[in-house]
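*Asks:* Sequence first, predicted model second:
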Amino acid sequence: MKKKLAIVLAMALTVTGVFVGCGKDEKKNNDSAKNQKEAKFEEKKAGDKFIVGFDQDFPPMGFVGDDGEYTGFDLELAEEVCERLDLEFVAQPIAWDSKDATLGSGEIDCIWNGFTMNGREDDYTWTDAYLDNKQVFVVRGDSGIKSKADLAGKVVDVQTDSSAEAALNDNTELKDSFALLQTIPDYNTGFMDLESGAVDAVAMDIVVASYQIEKRKADFVILEEEISAEEYGVGFAKGNEAVRDQIQKVLKEMAADGTMAEISTKWFGEDITTIGK
């Protein structure tokens, strides 16, 4: 009987030891994860990489230039910020529909690519808005389409997970009037669809639409009636005020000394930025 009792007690102590050990290891792992999370949001130091996530098919904000290099208004702003902070600028193209996972994993430091703040205010840590924008429809000049009402029974393209798609999903009456609202991976596809007659309209950002129409010399027009109005900002992972504040400070300096206006005029023919105004 004593022998059996000793065995039972030994087993109990062993099991208890295992669980106590696991508790200590778990606390250690939790502390480690907490420290890693805190370290993730430290300020950038001179020489560090600053990785900007962007859609490489979104001219003029970010795209592949004729020379095969990444370029665009947003990328030029980001590169100037990095130069002033002595950071290594890295332009990282991303799949737009998986941008949140890419940002959350730490593969990129921010999303900086005509990124609409409206409706996403609580999902990211944002800089101040630096550009106003609208969601609009682009149609062929000879289509006879003059208003949103004329799109009833028509086929419309919109980029997957874009602000235009979100705006149309919010406007069910307009969306339901279309024969079809189809999603596309990028707006180059949308313009090709429009040019070929595969669709009747493309819903998209006005700053991108205006640039594309000028660049392509195409007979496309932007309908006067907008879908929605919005603002662009630089989006960081929720809670990353440390790096956001660094970038925000330099953007304000660039607005004050005229650098931001110069970059805007280069890409848009005028200063359309809003920081400091």
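*Replies:* Received the coordinates, thanks. Residues are numbered from 1 along each chain as shown.
*Asks:* show me where the stretch 101-250 of the chain has strands.
*Replies:* 110-111, 125-126, 131-140, 155-159, 180-184, 201-205, 220-222, 228-232, 235-236 (DSSP state E, counting those that start in this stretch).
*Asks:* could the ones you listed go into a markdown table alongside mean neighbour count, mean pLDDT and distance to residue 195?
*Replies:* Where C-beta positions appear, they are placed from N, C-alpha and C, glycine not excepted. Compiled in a markdown table, those are given as follows (neighbours: other C-beta atoms under 10 Å; pLDDT from 0 to 100; distance: least, C-beta to C-beta, whole Å):
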| stretch | mean neighbour count | mean pLDDT | distance to residue 195 |
| --- | --- | --- | --- |
| strand 110-111 | 26 | 98 | 29 |
| strand 125-126 | 20 | 98 | 35 |
| strand 131-140 | 22 | 96 | 8 |
| strand 155-159 | 24 | 97 | 11 |
| strand 180-184 | 16 | 97 | 13 |
| strand 201-205 | 26 | 97 | 10 |
| strand 220-222 | 17 | 97 | 8 |
| strand 228-232 | 20 | 95 | 25 |
| strand 235-236 | 25 | 98 | 32 |
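*Asks:* quick one: the helices in the chain?
*Replies:* Secondary structure of the chain (DSSP state H): helices located at 2-40, 73-85, 99-104, 163-170, 172-177, 187-196, 206-216, 241-256, 259-268.
*Asks:* List the buried residues for the third one?
*Replies:* I take that to be helix 99-104. 99, 102-103 (16 or more other C-beta atoms under 10 Å).
*Asks:* Pull the number of nearby residues for residue 95.
*Replies:* For residue 95, the neighbour count with other C-beta atoms under 10 Å is 13.
*Asks:* nearest residue to it other than its sequence neighbours?
*Replies:* residue 102 (7.6 Å; C-beta to C-beta, 6 or more residues apart in numbering).
*Asks:* contacting residues for that neighbour?
*Replies:* By C-beta atoms under 8 Å, 6 or more residues apart in numbering, the contact list for residue 102 reads 53, 94-95, 108.
*Asks:* go again using 6 Å as the cut-off
*Replies:* For residue 102, the contacting residues are 53, 94, 108, by C-beta atoms under 6 Å, 6 or more residues apart in numbering.
*Asks:* can you put these in a markdown table and add pLDDT and distance to residue 82?
*Replies:* Converted to a markdown table, the contacts of residue 102 look like this (pLDDT from 0 to 100; distance: C-beta to C-beta, whole Å):
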| residue | pLDDT | distance to residue 82 |
| --- | --- | --- |
| 53 | 98 | 14 |
| 94 | 96 | 18 |
| 108 | 98 | 14 |
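*Asks:* Just the pLDDT at the residue nearest to residue 174 when sequence neighbours are not counted, thanks.
*Replies:* Using C-beta to C-beta, 6+ apart and skipping the chain neighbours, the partner closest in space to residue 174 is residue 148 (6.1 Å). Per-residue confidence (pLDDT) for residue 148: 97.
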